[in-house]
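# just to be clear, the model below is a prediction. Sequence and coordinates:
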Amino acid sequence: MAEHVRVDEFLSSLLALCQPLEPFDMSLLDAHGATLAADVFAGERLVLKEGSRIRSTQIGLAASIGRDHLPTRPHPRVVVLSAGPDLVEPGQTLGPDEEYETNSWLLTTAVRETGAVAYRVHTIPDDEEELKDVIEDQLVRADLIIISGERHDDSFDLITRTLSGIGEITTIDLAIESSGRHNYGTIGPDKVPVVTLPGDPIAAYISFELFVRPMIRTMLGAATIHRPSVKAKLEKPITSIEGQRSYVRGILSEDGKSVTPLGKGDSSAQDEQTTLSDANAFIAVAEGVTSLDAGADVTVVVLERRYI
């Protein structure tokens, strides 16, 4: 039986599985994109602050003060695994009741954008033993494993049984609209954290942003683990399901003062993917709210920093 869990409760449980990775010195080019593990000084002056992402300008600054290495948190190694007999690789021909495998491509690149090393694995398991072998083969190179199935989550029970056989797994029913069940826990002798996300790509990406991204940022030792949020005026009315939080895809204006919600309803899978691609923000709607009128002040999770 799945536990009914709020967003903040689930996030706390996931973050408890994560620790910042052990720091070590990296050469300047290798350090690019990593997280700084200690303050860097030029004499007595602080020039680079612990927890910041090392970008090209920080590399240039380090070189200008004579540093050829920087103390860094290593890039977490994240395995993204998709599992489902009805999933077909892009470029192949679809058969009856099949769909193109989307989630692993979406999630692997999202992991990379967060600052981790991502490994994509697609498998079509026939039974628990086969899926178990695939997962166990990945443990040697994983600091975190993310698993998703088909859009209708037909493979969820198979994934759950398999994970439960090699680790300590909890199944929850998350109080987010259209999100459904998730698994989390640790597997293998090294107790590698694992999270299963919904098969629907939109729900999977929302869960990635809310939960997996903070896990990776925690492993990086980052100063901030969450996306920034702002208050903005709602341009069009939206509705939500009572008792469930929702995150509506939206476009935040260039000045950050207003937000326009994108399609939410009975559109096709391709239309849904298009609105996700177009969105630069999520509009957060609290559990007790069923509708918001145009002009309402709303909380907006900003997905692209250039919009604030």
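Nice, thanks for sending it over.
# quick one: Phe41 and Glu50 touch, right?
No: if you go by C-beta atoms under 8 Å, Phe41 and Glu50 don't touch, sitting 11.3 Å apart. (Each C-beta comes from the backbone N, C-alpha and C, glycine too.)
# which one of these two is surrounded by more residues?
Legend: neighbour count by other C-beta atoms under 10 Å for Phe41 and Glu50, higher for Glu50 (17 against 11).
# separation between that one and Ile59?
Look at Glu50 and Ile59: by C-beta to C-beta, to the nearest Å, they are 16 Å apart.
# could you do Glu9 as well?
Counting by C-beta to C-beta, the gap from Glu9 to Ile59 is 40 Å.
# so which of these two has more stuff around it?
Neighbours per residue, other C-beta under 10 Å: of Glu9 and Ile59, the larger number sits with Ile59, 17 against 14.
# dihedrals phi and psi, the more buried one?
Dihedral pair for Ile59: phi -60, psi -40, per degrees, to the nearest 10.
# the nearest residue to it once chain neighbours are set aside: neighbouring residues, count only.
Of all residues not flanking Ile59 in the chain, Leu28 sits nearest, at 5.2 Å (C-beta to C-beta, 6 or more residues apart in numbering). By other C-beta under 10 Å, 16 other residues sit near Leu28.
# ok, now which ones touch Leu28?
Ile59, Ala62, Ala63, Arg67, Asp68, His69, Leu70 (C-beta atoms under 8 Å, 6 or more residues apart in numbering).
# the second one contacts Thr72, correct?
To tie it back to what came earlier, the one meant is Ala62. No: here Ala62 does not reach Thr72: they are 11.0 Å apart, not a contact under C-beta under 8 Å.
# CA atoms only for the helix or strand hosting Ile169, dumped as PDB, please.
Assigned by DSSP states H and E, Ile169 belongs to strand 167-174. Extracted C-alpha coordinates of strand 167-174, given in PDB (Å, rounded to 0.1, in the frame of the first residue of the first chain):
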ATOM      1  CA  GLY A 167      17.300  -2.800  -1.200                       C
ATOM      2  CA  GLU A 168      15.100  -0.900   1.200                       C
ATOM      3  CA  ILE A 169      12.300   0.700  -0.800                       C
ATOM      4  CA  THR A 170       9.300   2.900   0.200                       C
ATOM      5  CA  THR A 171       6.400   3.400  -2.200                       C
ATOM      6  CA  ILE A 172       4.400   6.700  -1.900                       C
ATOM      7  CA  ASP A 173       1.400   8.300  -3.500                       C
ATOM      8  CA  LEU A 174       2.500  11.900  -4.000                       C
END
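# please identify the buried residues of it?
Buried positions in strand 167-174, judged by neighbour count with 16 or more other C-beta atoms under 10 Å: Gly167, Ile169, Thr171, Ile172, Leu174.
# just the pLDDT at the fourth one, thanks.
Residue-level confidence at Ile172 comes out at 94, pLDDT.
# and the closest residue to Pro228 other than its chain neighbours, what are its phi and psi?
Distances taken as C-beta to C-beta, 6+ apart place Val302 nearest to Pro228, at 4.9 Å, with adjacent residues excluded. Main-chain torsions, Val302, degrees, to the nearest 10: phi -90, psi 120.
# count the neighbours of Val302 for me.
19.
# use 10 as the first number for this chain going forward.
Okay, using 10 as the starting number, the last item reads as Val311.
# I'm done for today, thanks for sticking with me.
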